[in-house]
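Student: mind looking at a prediction? Sequence and model below.
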4 protein chains.
Amino acid sequence: MERLLRKCRIQNRLVRECMAECLGAYVLILFGCGSAAQVTTSQQQNGQYLSINLGFALGVTFGVFVSRGVSGAHLNPAVTLSLCALGRCSWLRLPFYTFFQVLGCFLAAATVGLQYYDAIQMFGGGQLTVTGPTATAGIFSTYPAGYLSLWGGIVDQIIGTAALLLCILAVGDQRNTSIPNCLQPLLAGASVLVIGISMGSNCGYALNPARDFGPRLFTYIAGWGEDVFRAGGGWWWVPIVAPCVGALLGALIYELLVEVHHPPPSAGGPSSSREAPEEKGGVELEGVKPDGGKPV
Amino acid sequence: MERLLRKCRIQNRLVRECMAECLGAYVLILFGCGSAAQVTTSQQQNGQYLSINLGFALGVTFGVFVSRGVSGAHLNPAVTLSLCALGRCSWLRLPFYTFFQVLGCFLAAATVGLQYYDAIQMFGGGQLTVTGPTATAGIFSTYPAGYLSLWGGIVDQIIGTAALLLCILAVGDQRNTSIPNCLQPLLAGASVLVIGISMGSNCGYALNPARDFGPRLFTYIAGWGEDVFRAGGGWWWVPIVAPCVGALLGALIYELLVEVHHPPPSAGGPSSSREAPEEKGGVELEGVKPDGGKPV
Amino acid sequence: MERLLRKCRIQNRLVRECMAECLGAYVLILFGCGSAAQVTTSQQQNGQYLSINLGFALGVTFGVFVSRGVSGAHLNPAVTLSLCALGRCSWLRLPFYTFFQVLGCFLAAATVGLQYYDAIQMFGGGQLTVTGPTATAGIFSTYPAGYLSLWGGIVDQIIGTAALLLCILAVGDQRNTSIPNCLQPLLAGASVLVIGISMGSNCGYALNPARDFGPRLFTYIAGWGEDVFRAGGGWWWVPIVAPCVGALLGALIYELLVEVHHPPPSAGGPSSSREAPEEKGGVELEGVKPDGGKPV
Amino acid sequence: MERLLRKCRIQNRLVRECMAECLGAYVLILFGCGSAAQVTTSQQQNGQYLSINLGFALGVTFGVFVSRGVSGAHLNPAVTLSLCALGRCSWLRLPFYTFFQVLGCFLAAATVGLQYYDAIQMFGGGQLTVTGPTATAGIFSTYPAGYLSLWGGIVDQIIGTAALLLCILAVGDQRNTSIPNCLQPLLAGASVLVIGISMGSNCGYALNPARDFGPRLFTYIAGWGEDVFRAGGGWWWVPIVAPCVGALLGALIYELLVEVHHPPPSAGGPSSSREAPEEKGGVELEGVKPDGGKPV
């Protein structure tokens, strides 16, 4: 029995990782969009904007706790992309991780839709609308504020995701401040909290293609209709494209200004992860990943 | 003297655990329902919905600190049930733990009732009512929102408690992210915080048969009368039954998607806790429990 | 020089401890009453009730950080009294600690009065009043809500301080959950936070004779006059007497229900701190205290 | 390649530190002023005063995480000044650190101005004003409340910065409570949080010449005009001068009341950092700084 199990585990490594990414993204959206649903349908009686910030932050924290030991807890295609670009994750994983991250977000949005079915019906008067005073689509995915120009939204998402990567890479950089594994999920959550507090006003800090597209797909199917893609002047593609640009930019800034300049850990040893990137699991988000870089 | 004390301790192991569970549940409700009493009777002047979320979260944290080293700090019959089902707690303990958890919650509700006696009298105009604008029964136990259907409430409690177990098992899974003992109570509190922020709107996130039934019994005896069982269409049994279903579901999801797939800790040793479940104290919630699985 | 300094340090041990208690209590009130001043004089524009809870909680945290390594960071005569009763602090220290705790609170209240002089003048229209819509005495010390009976206030303070001691002793009990030194100040702050959230409504959770009497003395001298002792039906003595009763009660409950029942740390060694209480510095609040029990 | 990199690193030590200080200060203002922009332009819909406190606190936390291992994460000329005065940082660094701290704050203010361009235009009706109901200059730098006298503002900034240094030095004092490296950034953030909660009302808790002057310069250039220097009766110089006085005062108080009295770490060894101050990197804010005191 034990031998069978071990064999099975080895063979299914990528599957295991994809399941963990899926469950982690599920937890993130379950708590994040759940808090948005609570604030919206209770008309700020049972929470305010800060509650939504806390919901997404703790959603990230527990999403990372759920999946970190298995897959490294990216939970975000833009993060996976940046780690691939930095050589800390194999490019092969990118499409698989992305698909299961989107799937997890989609399923979580469906769960929130189920849990708040009565409340959404009551709040919207039986209508599922994307705009207007009883709009409920904003519970699930992001829409820009009325004043925001398209370029303003793109810039906002680039800056926000760059800030996210800057924080994540700094926290994970063991040659800067050395931080134990158990605090990484809390600090990942704290970085999402502060970005929500400081950069959520313009267009809702998606920062994550999967977090936005998965739930948007759910609203499209579940009855909000094509408006979810039309609203905000066809806004839907911005939180998919801009976070990828921002994540690469943020990673570049941290590497160029800080990480590349660290003195080598020991006088004679190999200098840094830039020497053997493909074989080394990313330090910052990947705790227990003994054979992370191996071809699957 | 010392020898006597030691003898006494060994003989009273289950009693010790029950006393700890009782005190832990007492602390949880003392702070949780206390914060609800403060927000209600001050008409949101001295706190808002987020304060109640924080009160229950920190109530859980300190309730766990009070009892963790002795009994493992379940504080919740649904958690005890799940750990029994996972083989991390003996079934014998289930009825004892449950009784003392309910007792602790009952006594804490009585303490809150005493401490806020003047405030409740003032707020309710001398009346103890279960519904209406000056209702005070909601301080102690949960009642569904007006729009919520019975099935909606059951689904809500199942999802909420499943999310709770998912978080608790992930945080306690040392082969996922390894977390030191001292952080477990804080993360248990954080999981209750985020559930309160994202799933509290429909029917008040009981998630715990003892947390709901103990205080409800107090309100029944203390003068709120039979309405506490009649209100919400006979709602009272839902937060008893649904959390048990949800806890088992959440445990199942985490086991199937993550924990069962962990590679064995060492190549030759016994694979996992699934081999000898009855003899091993659950890792995630039970800190110092050297002879936890022995027949009492 | 070095030899002189060392000699001087040894001779001044109690003085060092008193200075640390004084500075710690100063920090506690500086942040605690400061946040109350900010909320009151800005008419809740720059903070709400939760801000005051956070202000006192973080005030306790940093007050403990400032003094913990030197004096054990009691910061509260009721805590010192309980630790003396438990045999973890010499009775000789009680009067000294109490005096310097009150002094620190008095000086901090004076600093807050100085910092918010313009704001208090503006808010009160040049009047320093204890009651009424522009009362400012409540910034400094506690006054009961209008509905509260005297017995209700006494019960409230006893329950609140008992809860405080319960939390502090549980967190400091290394045979329950073992918690590293660096987290103790944070958890002391968290316990004050949750008590403020759940028990602050009736009469402002003084929990601490020094915290209440020191600032009250300042308001008496600084121009609020004799009303500070007359208001609330001569309320001033309740937050001095009741916390002492509550602290002893809380310590008793934790000892009887949990701590006394811990199994001995090793089979043959001396059982517990109850054997040699006078010679052993209290574990829970006293970090570095190598010769704490010696006669000064 | 590796050898070249290592050589380059050694030669550029001060440059590395300045880049880290610049990036750290950038992160601090990006999140801090970003949260102020969010609260102001959303008219408190997407955050309240507490959000701004959290934004600056977490801004400090992540600013410290970004730069701590390289430069010690001062992020504040007043802190650098105090550490120089205490002999924990070479005086040579003071002008360099200060310049790059101001530069980082300036660049971050420009980023916030870019990210919130549409929102600021919408909120101000196309006008960039320093006073009045649609003023937006307060997003970037501090202005005193209308009731505050000049001396009141100076006293406020001195007390606030003294409290900051008191907290930072206590947290960094390993012979008081010993705190691991990874918690220092969180506690630095917590100290800024509590100061914002308790001392932010009068004139916005700048506490930091760079944090105030850098963004003020940005507003001067970007279109708010000379009013940014004239408003508040020529207020602009107070948050530059007073924090320096306050930082020195706070450092003096902690040293005199606590740190200087610590017993020597071992009976025979050299007593304390006061013996060899110039050669020893400051403990409290400087984690990995192997050759910090060497002439550059």
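Tutor: Everything's here; your move. Remember, it's a predicted structure, so these values are computed and weren't measured experimentally.

Student: for A:Phe140, what are its contacts?
Tutor: A:Cys33, A:Ala36, A:Ala109, A:Val112, A:Gly113, A:Pro215, A:Arg216, A:Phe218, A:Thr219 (CB atoms under 8 Å, 6 or more residues apart in numbering or on different chains). Bear in mind the C-beta positions are built from the backbone N, C-alpha and C, glycine included.

Student: helices - which of those residues land there?
Tutor: Applying DSSP state H to the contacts of A:Phe140, the entries found in helices are A:Cys33, A:Ala36, A:Ala109, A:Val112, A:Gly113, A:Pro215, A:Arg216, A:Phe218, A:Thr219.

Student: contacts with chain B among these, please.
Tutor: With CB under 8 Å from any CB of the partner chain as the criterion, those include A:Cys33 near chain B.

Student: of the ones in helices among the contacts of A:Phe140, closest to chain D?
Tutor: Taking CB to the nearest CB as the measure, chain D lies nearest A:Ala36 of the ones in helices among the contacts of A:Phe140, at 12.4 Å.

Student: wait, isn't that closest one in contact with A:Gly138?
Tutor: Yes: judged on CB atoms under 8 Å, A:Ala36 makes contact with A:Gly138 at a distance of 7.2 Å.

Student: between these two, which is the more surrounded one?
Tutor: Between A:Ala36 and A:Gly138, counting by other CB atoms under 10 Å in any protein chain shown, A:Ala36 is the more crowded of the two (28 against 17).

Student: from chain B, how far out is the nearest residue to that one once chain neighbours are set aside?
Tutor: Spatially, and ignoring its direct neighbours in sequence, A:Ala36 is nearest to A:Ile139 (4.7 Å; CB to CB, 6 or more residues apart in numbering or on different chains). From A:Ile139 over to chain B the distance is 11 Å, taken as CB to the nearest CB, to the nearest Å.

Student: surely A:Ile139 meets A:Val112?
Tutor: Yes: using CB under 8 Å, A:Ile139 is in contact with A:Val112, at 7.3 Å.

Student: tell me which of those two has more neighbours.
Tutor: A:Val112 (28 against 25).

Student: state the distance from that one to D:Gln43.
Tutor: Using CB to CB, to the nearest Å, one obtains 28 Å as the distance from A:Val112 to D:Gln43.

Student: ditto for A:Gly189
Tutor: A:Gly189 is 28 Å from D:Gln43, by CB to CB.

Student: coming back round to it: need the overlap of contacts for A:Ile139 and A:Val112.
Tutor: A:Cys33, A:Ala37.

Student: all helices for chain A, in order.
Tutor: Here chain A has its helices, by DSSP H, at A:2-11, A:13-41, A:49-71, A:77-85, A:93-115, A:117-124, A:150-172, A:184-199, A:209-219, A:227-234, A:238-257.

Student: mean pLDDT and distance to B:Gln174 added to the ones you listed, as JSON lines?
Tutor: JSON lines is the format used below for the helices of chain A (pLDDT from 0 to 100; distance: least, CB to CB, whole Å):
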{"stretch": "helix A:2-11", "mean pLDDT": "49", "distance to B:Gln174": "17"}
{"stretch": "helix A:13-41", "mean pLDDT": "95", "distance to B:Gln174": "16"}
{"stretch": "helix A:49-71", "mean pLDDT": "95", "distance to B:Gln174": "9"}
{"stretch": "helix A:77-85", "mean pLDDT": "95", "distance to B:Gln174": "25"}
{"stretch": "helix A:93-115", "mean pLDDT": "97", "distance to B:Gln174": "24"}
{"stretch": "helix A:117-124", "mean pLDDT": "95", "distance to B:Gln174": "38"}
{"stretch": "helix A:150-172", "mean pLDDT": "96", "distance to B:Gln174": "21"}
{"stretch": "helix A:184-199", "mean pLDDT": "96", "distance to B:Gln174": "15"}
{"stretch": "helix A:209-219", "mean pLDDT": "97", "distance to B:Gln174": "28"}
{"stretch": "helix A:227-234", "mean pLDDT": "93", "distance to B:Gln174": "42"}
{"stretch": "helix A:238-257", "mean pLDDT": "94", "distance to B:Gln174": "31"}
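
Student: tell me which of the ones you listed lies nearest to B:Val228.
Tutor: Closest to B:Val228 of those, according to CB to CB: helix A:117-124, at 22.6 Å.

Student: which residues of the stretch 101-250 of chain A lie near chain B?
Tutor: Checking the stretch 101-250 of chain A against chain B by CB under 8 Å from any CB, the hits are A:111, A:114-119, A:121-122, A:181-182, A:184-185.

Student: of the residues you listed, grab the buried ones for PyMOL.
Tutor: Selection of buried members from those for PyMOL, criterion 16 or more other CB atoms under 10 Å in any protein chain shown:
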select buried, chain A and resi 111+115+116+117+118+119+121+182+184+185
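
Student: same list (the residues of the stretch 101-250 of chain A next to chain B) but as CSV, adding distance to C:Arg93.
Tutor: Formatted as CSV, these follow (distance: CB to CB, whole Å):
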residue, distance to C:Arg93
A:Thr111, 57
A:Leu114, 60
A:Gln115, 55
A:Tyr116, 57
A:Tyr117, 62
A:Asp118, 60
A:Ala119, 57
A:Gln121, 64
A:Met122, 61
A:Asn181, 41
A:Cys182, 37
A:Gln184, 42
A:Pro185, 42
